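Peer 1: Sharing a sequence plus its predicted fold:
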Amino acid sequence: MHPFSYTRVSDTRQALNAARAGGRYIAGGTTLVDLMRETVERPDTLVDISALPLDEITVTERGGLRIGALVTMSEAAAHPKVRTLYPVVSQALELSASAQLRNMATIGGNIMQRTRCTYFRDVTADCNKRQPGSGCAAREGVNRTHAILGTSDACVATHPSDVAVAFAALEATVRLLGPDGKRGVPFADFLLRPGRTPDREQALRKGELITSVEIPALPQPLKSGYLKVRDRQSYEFALTSAAVALHMRGGVIREAKVAAGGVGTVPWKLPEVERALIGRRPSDALWTAAAEKAAEGARPLTHNRFKVALLRRTVERQLRIVGGTK
Ligand code: SF4
């Protein structure tokens with residue numbers, strides 16, 4: 001392992017100063033420590049932020065939900081407000097990782113986690129994300145689990161987070177604190193598609209700290225849920241997944257929030273599916289027709305063509321689970 005220094009901070013000012021001096025934030029450490037052991041990541045200084053007061057879940061002034069960046073995955077999944085207002089978030093968290101990891105990993109760290117592409121974690125392989133300009137071993141290699149949406153010639157890796165798919169569907173905002181003050185970034189703009197610079201993964205400025213993720217108030221009652229399809233039933237990443245939230249009144253879908261995981265280089269919002277649902281009455285035919293639009297623009301690779309059909313079926317099934325049929 002590359003030698004590094006370690007400092008623990010107790011307030012955000014100390015954290016920002018340490019980051020300005022080149023430090024790298026760490027909290028639960030469930031991703032970063034693994035990557036350091038494998039020498040994929042080689043930070044010189046770790047700044048432990050786990051003592052910062054960013055571990056609360058609160059209802060916002062407008063009736064949304066603010067989840068502190070240091071709330072653990074298991075705390076967020078079990079919180080009564082999360083469970084009742086946004087079950088899609090609870091379910092996405094509970095279907096992630098193992099119980100031990102969920103007890104350590106934080107919400108901020110979860111959305112910052114790096115891809116599970118095996119070539120990224122193999123320091124002998126060509127990988128533009130790990131070493132810009134070296135190439136992409138996955139394109140001509142084994143790419144069964146890789147992305148079919150949002151890819152570029154430089155990188156085809158998926159984003160591994162489940163809860164990020166729920167946040168993308170619900171159009172959450174990432175709250176940040178940096179040397180220039182506070183700002184909010186819509187979730188759709190926070191995680192970056194690879195383009196020519198797959199090593200740049202988030203819209204973070206130097207030294208910025210995630211303070212919370214804020215879910216907006218959505219019309220209630222809101223039925224929501226998360227479906228994850230994977231090779232085995234636990235401790236596995238998604239081949240495909242679907243986060244769905246529907247608000248229905250008078251037998252008509254008034255609001256629809258839908259996103260997919262396991263298929264995109266970032267959590268993949270599905271506005272065409274949403275548009276196909278709004279203003280319509282639930283029916284089996286509607287779920288099928290809307291889900292047909294889920295894979296529009298897909299560019300499958302040699303080994304992951306099955307994801308096109310699987311994505312449509314995953315979305316259709318989750319629409320039926322959440323929306324029921326008449
Ligand atoms: Fe690296 Fe991305 Fe290619 Fe994987 S898909 S090898 S992460 S450049």
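Peer 2: In hand now; what should we look at?
Peer 1: quick one: buried residues of the one helix or strand A289 maps to?
Peer 2: Per DSSP states H and E: A289 is located in helix 284-291. The neighbour-count check on helix 284-291 (16 or more other C-beta atoms under 10 Å) flags 286-287, 290-291 as buried. Every C-beta, even on glycine, is put in place using the N, C-alpha and C of the backbone.
Peer 1: what separates it from the chain centre, distance-wise?
Peer 2: Helix 284-291 sits 25 Å away from the centroid of its parent chain (C-alpha atoms, centre = their mean, to the nearest Å).
Peer 1: And stretch 203-221, by the same measure?
Peer 2: 12 Å.
Peer 1: Quick check: which ranges of this structure have low pLDDT?
Peer 2: The chain contains residues with pLDDT under 70 at 326.
Peer 1: Give me the domain ranges for it.
Peer 2: Using automatic domain parsing, the domain ranges for the chain come out as 1-53, 57-112+161-215, 222-323.
Peer 1: Who are the contact partners of whichever residue of the stretch 201-326 of the chain sits closest to the ligand?
Peer 2: Distances between the stretch 201-326 of the chain and the ligand by C-beta to the nearest ligand atom are smallest at T265, namely 8.4 Å. Going by C-beta atoms under 8 Å, 6 or more residues apart in numbering, T265 touches 147, 149-152, 155-159, 193-194.
Peer 1: Keep only those residues that also lie close to the ligand.
Peer 2: 155-157 (C-beta under 6 Å from any ligand atom).
Peer 1: For G133, state which of the residues you listed is nearest.
Peer 2: Using C-beta to C-beta, C155 is the member of the ones next to the ligand among the contacts of T265 that sits closest to G133, with 12.0 Å.
Peer 1: check contacts around the closest one.
Peer 2: C155 neighbours (C-beta under 8 Å, 6+ apart): 128-129, 136, 138, 194, 198, 265.
Peer 1: who in this structure is up against the ligand?
Peer 2: So far as C-beta under 6 Å from any ligand atom goes, the chain lies against the ligand at 115, 117, 119-120, 127-129, 136-138, 155-157, 198.
Peer 1: Show me which of those are buried.
Peer 2: Here, 16+ other C-beta under 10 Å leaves 115, 117, 119-120, 127-129, 136-138, 155-157, 198 buried among these.
Peer 1: okay if I get these as JSON lines plus secondary structure?
Peer 2: Shown next, in JSON lines, are these (DSSP: H, G, I helix; E, B strand; the rest coil):
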{"residue": "T115", "secondary structure": "coil"}
{"residue": "C117", "secondary structure": "coil"}
{"residue": "Y119", "secondary structure": "helix"}
{"residue": "F120", "secondary structure": "helix"}
{"residue": "C127", "secondary structure": "strand"}
{"residue": "N128", "secondary structure": "coil"}
{"residue": "K129", "secondary structure": "coil"}
{"residue": "C136", "secondary structure": "strand"}
{"residue": "A137", "secondary structure": "helix"}
{"residue": "A138", "secondary structure": "helix"}
{"residue": "C155", "secondary structure": "coil"}
{"residue": "V156", "secondary structure": "coil"}
{"residue": "A157", "secondary structure": "coil"}
{"residue": "P198", "secondary structure": "coil"}
